[in-house]
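Asker: Have a look at this prediction, sequence included:
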Amino acid sequence: MADIKKYGFVIDPRRCIDCRACLVACRAEWNTPPGQTRIWVHTDGPQGIFPAVTQTWVPVQCHHCEDPWCVDACPTGATFKREDGLVLIDEEACIGCGLCVNACPYQVRFRNEVTGKADKCNACFHRVDRGELPACVATCIGGARLFGDFNDPESPVSRAIKDQVVYRPITPEVDTGPMTYYLSPPDASAVQVSPQPRKDLPAEVFWRKWAIPIVKVAVGATFLGQAGAFILQLLRGENEYEDGAV
Amino acid sequence: MSDQPTERVPRLNRRKFLQAAGLAGTGVAIVGSGVGDIRRAEAGGSVGHLPGSYADKIVPTLCEMCVWRCGVRAKVIDGVIEKLEGNPDHPHSEGYLCARGQAGLMMTYDEDRVLEPLMRVGERGSGRFRKVSWDEALDYVADKMLKIKENFGPEAMVFSSTHNLSQPLFENLLYGYGSPNYGTQRSLCFNAMVTAHLLTYGIEEPARRYEGMNYIILTGRNLFGGISTSETRALMQRIAEGAHVVYLDPRFSETAAKAAEWLPIKPGTDSAFILALIHVMIRDELYDKWFVSQYTVGFDELAEGVQDYTPAWAARITEIPEATIYRIAHEFAENRPNAFAHPGWRTSNFINSFHTERAIAILNALQGLCPQQGDCMFLSEASVELGKPPQPGYPPIRAARLDGVPWKYKFVPPKLGVFQELRDAILSGEPYQAHGWFIARQNPMMSLPERQKTRAAFQKLGLVVVMDIIMNDSAWYADVVLPEASYLERYDPLHPVGRRVFLRQPVIEPRGQSRSALWIYKQLGERLGLGDYFQYEDEEDYLRQQLKPWTERLGITLDQLKQTGYFEVPDGYEGPTYRWDTPSGKVELASETLRNAGYDAIPRWYDPPEPGENEFYLLTGKVGQHTQFATQNNAYLHEVRPTNQLWMHPSKAAERGIANGDRVRVTSPAGSVEIEVWLTEGIRPDCVYLTPGFGHESRGLRKAFGRGAADSDLHLTFTDPISGGQALTQTFVTVEKV
């Protein structure tokens, strides 16, 4: 039990100075295409009337949800949740269908312009597995981005939230169990902290309850990609039929 | 929850990755992303994408994205720099890098790098050059320089460079050649801070200590926008732990957003605010009487001189309420010894900025922040002494400096100078005409006020040489461009910090024909007959000579240093600790030196000029994503901060029919620019603000060219008579919708 990790983020917007070192570190670590980013620093502001002005910056990344809708939406199983909580993408299995991009209520996913595959923050799991911090966290000058194992009471994230009021980016309609805890209200209007229910919910329910098990039963791993694409097209047709807005 | 097998690892379909990751054979891979980036493309296009933190080797070196010089660990795969990390062994980085530091590899891999020596073939400013060999370029420059010396004397050659580790060799070049004309950018930056602290404490750059500090007054020091990694971190840590920060700035900067109190003070009135704090501390006897009696001179004169500077008086000038000023003076003193006023950094604002800085230096002295010599929080840290190659003395200088140091600016150290005056003297030909300008790692075409004057000054010269890594705006107008290796491709002289000595070393071989400054200066020096000032075989030989005393004492070798990136000397080996180097040997609240020169012995209030009815103060200030005028073409930084906008208060915009995002024309007596406007409540209505560094006119900078506007097109040239600082906030502008 003690060996099982539960990774997640703690974000303290009060300590973010909008220096954007995290954005550049992520870009350098992953070489994401220009104009596409896996993480953000959001602000609404400044707020108020001169001279009573305030401003907060809100660092954002994939929340690595406990109940990730993207995983459920993925027809090929390319998106999966690791035992330690990280939600990752297997590029070889990804067919670039984009369903996970639509499914994520936080819109932290995008289709990589160069690879054509689904892309998002993977918490620099290769660094984490070596005992290092994600690139953004490792270079956060203000100390606003923290990462670690919530199952370890001595980890930076456990210590940061101990006896603190925390804020989670959830709504009464959408609670996917995001593993990001904010130490002050993430009050930017950005979608990455204000989850939106999916518009195409009926079809998604169909996906989750029926289509994905069918895919899994019907398709062997070797032909996963092609078969997934084929079934995807069938189902896309049905989706269009149901709400006409895909 | 997912029902995927728990041991799964994502896959990347690239064999190389598996090898690098040590995962080969486990049948796993990872999601890849962008390829085709310049650094991969130039590495042969075969590497594909690997997460940057995997590395064949990790090379410790030093950052050069600003002058803070953080420690870096550069990660390299197949000879390509993939990622930079902060070095935890270096006290300036503490394991962290800012956005600029993280983006440093894109200086090296900038697609607009100048990789061969270039000589101009078209008109100046036409951007037409031909590639030449190093021999041809250096022979040409040396020949021209020797002719200038022969025909007009060595003083007709001007040299300028920005503070950097190879500066001692640059000085050998200029002083060995025999010119007194040494330009730096300091008068555009911190002349006021340095001269004020020299005249008060006898120290150039006061150290700052944050540990335990509960009350901090920042006079426009925007540490969260103008980032110095370790100091920025220290301030944030204190704020998180509850320290009270009072922040004065007409603009709501990143630091204003984090301060306990943002005081949008009227521009140019900081000294009135500080003088009122001094007034209250003396009147209410809040100062450290023991320290003042033991270690300062001139207290009575100071007490008398600030009698009229009451909070009520300062409130009228600064537009900060009287009660606020009174309260801050008391809180500041009550928190002693855990309260200090930051000495500031870029303090080139108004021609009264020297008085502001003197007042801050004195405020801290009243606070008794130096309980004893050697334990003064404002003392610069002692550093390790190094060896150096033998060299002869410099030839005598036979002419006065063009920038007026010291004949016009008595208190400005020669290594700071008055850069804007130097440019004006080139233009006017007074007191004598300059004929050549050697510019290293500097972009005066952007940094100096009144760009049209700088352009005209270039036209007066028979020789303009620029050494840089990219085709900056000054290089665009040069006759010869010498391609320096980027900081990740070269050695520089060693950098002592406290008891540690750090090494900058090449992470990869220099790209193209680019070379280190150590090599370039030596090559040019030899052609000028100055070989005796460059007695080293190559860069490594220079470093070995620097290391020699420590090789003899402690057995430190260069090979060791290349592995570790630094060495540390034991206690007691560092140089002498600092002593107050003032004429009185004490902290000079009243300065006889200033009095004897005909200036005020104590700081006084001088009314700065104010804008007219329809005019605005034009504010300047830093952003955390760029350094001065050098990084706007960096691909990664361009992405996170591609341009600048004019900050303006909505009330003033409404009067002019200006909406957010409109194009506006900004006009000063110096010139005018067009730019997009950003309306914000975070600025005084009588001010507008423009981030410097944009508005490049070199077409050799393809990302930065034409982005935003340059405040150097608007700034007028005003010089603080004591510190020589350029008054960057003293230009007033009008704004109208285009």
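Answerer: Sure, I can see it.
Asker: sec struct for the residue of the stretch 251-400 of chain B found nearest chain A, please.
Answerer: Closest approach between the stretch 251-400 of chain B and chain A, counting by CB to the nearest CB: B:Ala257, at 4.3 Å. All C-beta spots, glycine's among them, are computed from the backbone N, C-alpha and C. Look at B:Ala257: counting by DSSP: H, G, I helix; E, B strand; the rest coil, its state is helix.
Asker: tally of neighbours for it?
Answerer: Neighbour count for B:Ala257, taken as other CB atoms under 10 Å in any protein chain shown: 24.
Asker: who are the neighbours in contact with it?
Answerer: If a contact means CB atoms under 8 Å, 6 or more residues apart in numbering or on different chains, then B:Ala257 has A:46, A:54-56, B:224 as its contacts.
Asker: same question, B:Gly368
Answerer: Counted by CB under 8 Å, 6+ apart, B:Gly368 has contacts B:287-288, B:290-292, B:336-337.
Asker: and B:Asn164, how many neighbours does it have?
Answerer: Neighbour number of B:Asn164 under other CB under 10 Å is 18.
Asker: now do B:Asp581
Answerer: 11.
Asker: How about the one 3 residues further on?
Answerer: The number of residues packed near B:Ser584 is 15, by other CB under 10 Å.
Asker: Find the nearest non-adjacent residue to it, please.
Answerer: Once flanking residues are discounted, B:Ser584 sits nearest to B:Val297: 4.8 Å by CB to CB, 6 or more residues apart in numbering or on different chains.
Asker: just to revisit the earlier point, how near is the residue of the stretch 251-400 of chain B closest to chain A to A:Arg15?
Answerer: B:Ala257 sits 11 Å away from A:Arg15, going by CB to CB, to the nearest Å.
Asker: Spit out the residues that contact these two alike.
Answerer: Joint contacts of B:Ala257 and A:Arg15 (CB under 8 Å, 6+ apart) do not exist.
Asker: if we can go back for a sec, just the pLDDT at the residue of the stretch 251-400 of chain B closest to chain A, thanks.
Answerer: Looking at B:Ala257, its pLDDT is 98.
Asker: So B:Thr582 sits against B:Ile203, correct?
Answerer: No - using CB atoms under 8 Å, B:Thr582 is not in contact with B:Ile203, being 9.3 Å away.
Asker: got a list of what the closest residue in space to B:Gly436 that isn't next to it in sequence touches?
Answerer: With sequence-adjacent residues excluded and distances taken as CB to CB, 6+ apart, B:Gly436 is closest to B:Leu463, at 3.7 Å. Counting by CB under 8 Å, 6+ apart, B:Leu463 makes contact with B:141, B:144-145, B:148, B:157, B:435-437, B:479-480.
Asker: hmm, which two among those residues are most spread apart?
Answerer: The distance between the two most remote of the contacts of B:Leu463 (CB to CB) is 14.7 Å, for B:His435 and B:Val480.
Asker: OK, now which residue of the stretch 201-350 of chain B is nearest to chain A?
Answerer: Relative to chain A, the nearest point of the stretch 201-350 of chain B is B:Phe224 (3.8 Å; CB to the nearest CB).
Asker: A helix includes that residue, no?
Answerer: No - assigned with three-state DSSP, B:Phe224 falls outside any helix and is coil.
Asker: And it, how close does it get to B:Glu231?
Answerer: As defined by CB to CB, B:Phe224 lies at a distance of 11 Å from B:Glu231.
Asker: Of these two, which one has the most company?
Answerer: With neighbours defined as other CB under 10 Å, B:Phe224 and B:Glu231 compare such that B:Phe224 has more, 26 against 18.
Asker: Please verify my assumption that that one contacts B:Glu254.
Answerer: Yes - using CB under 8 Å, B:Phe224 is in contact with B:Glu254, at 3.7 Å.
Asker: residues shared between the contacts of those two?
Answerer: A:17-19, B:624.
Asker: Give me the subset of these lying in helices.
Answerer: In helices, defined here by DSSP state H, there are no members of the shared contacts of B:Phe224 and B:Glu254.
Asker: Buried ones among these?
Answerer: Those of the shared contacts of B:Phe224 and B:Glu254 that meet the buried threshold are A:17-19, B:624, by 16 or more other CB atoms under 10 Å in any protein chain shown.
Asker: Those residues into TSV, with extra columns for distance to A:Tyr106 and pLDDT?
Answerer: TSV is the format used below for those (distance: CB to CB, whole Å; pLDDT from 0 to 100):
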residue	distance to A:Tyr106	pLDDT
A:Ile17	24	98
A:Asp18	21	98
A:Cys19	23	98
B:Gly624	26	98
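Asker: what residues are up against B:Gly183?
Answerer: Contact analysis of B:Gly183 by CB under 8 Å, 6+ apart lists B:158-161, B:403, B:417, B:419, B:422, B:442, B:444.
Asker: show me the contacts for B:Ala425.
Answerer: B:402-404, B:431, B:434.
Asker: switch the cut-off to 7 Å
Answerer: B:Ala425 makes contact with B:402-403, according to CB atoms under 7 Å, 6 or more residues apart in numbering or on different chains.
Asker: Repeat that for A:Phe150.
Answerer: Taking CB under 7 Å, 6+ apart, one finds A:6, A:8, A:157-158 in contact with A:Phe150.
Asker: returning to what we had before: and which of the shared contacts of B:Phe224 and B:Glu254 is nearest to B:Leu679?
Answerer: Of all these, A:Asp18 has the smallest distance to B:Leu679: 18.5 Å, by CB to CB.
Asker: check contacts around that closest one.
Answerer: A:41, A:43, A:57, B:254.
Asker: try it again with 10 Å
Answerer: Going by CB atoms under 10 Å, 6 or more residues apart in numbering or on different chains, A:Asp18 touches A:41-43, A:45, A:55-59, A:142, A:144, B:99, B:224-225, B:254, B:257, B:623-625, B:640.
Asker: what do you get for B:Glu254?
Answerer: A:16-19, A:55, A:57, A:142, B:222-227, B:232, B:621-624.
Asker: Among these, which are located in strands?
Answerer: The strands, defined by DSSP state E, take in A:Trp57 from these.
Asker: In three-state terms, label A:Pro153 for me.
Answerer: Per three-state DSSP, A:Pro153 ends up coil.
Asker: how much space between it and chain B?
Answerer: 21 Å (CB to the nearest CB, to the nearest Å).
Asker: On the pLDDT front, check residue 231 for me.
Answerer: In the absence of a named chain, chain A is used. Reported pLDDT for A:Ile231: 47.
Asker: wrong one, I was asking about chain B
Answerer: 97.
Asker: Please name the residues that touch it.
Answerer: Counting by CB under 10 Å, 6+ apart, B:Glu231 touches B:68, B:92, B:208, B:210, B:221, B:223, B:342, B:345.
Asker: Any chance of a markdown table for those, columns neighbour count?
Answerer: Below are those laid out as a markdown table (neighbours: other CB atoms under 10 Å in any protein chain shown):
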| residue | neighbour count |
| --- | --- |
| B:Trp68 | 20 |
| B:His92 | 20 |
| B:Arg208 | 19 |
| B:Tyr210 | 19 |
| B:Arg221 | 27 |
| B:Leu223 | 27 |
| B:His342 | 22 |
| B:Trp345 | 18 |
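Asker: just curious, which of the residues you listed is nearest to B:Gly657?
Answerer: B:Arg221 (36.3 Å).
Asker: Please report how far the closest residue in space to the closest one that isn't next to it in sequence lies from B:Lys144.
Answerer: The shortest distance from B:Arg221 to any non-neighbouring residue, by CB to CB, 6+ apart, is to B:His342 (4.6 Å). Going from B:His342 to B:Lys144 by CB to CB gives 45 Å.
Asker: Repeat that for B:Ala156.
Answerer: Taking CB to CB, one finds B:Ala156 at 11 Å from B:Lys144.
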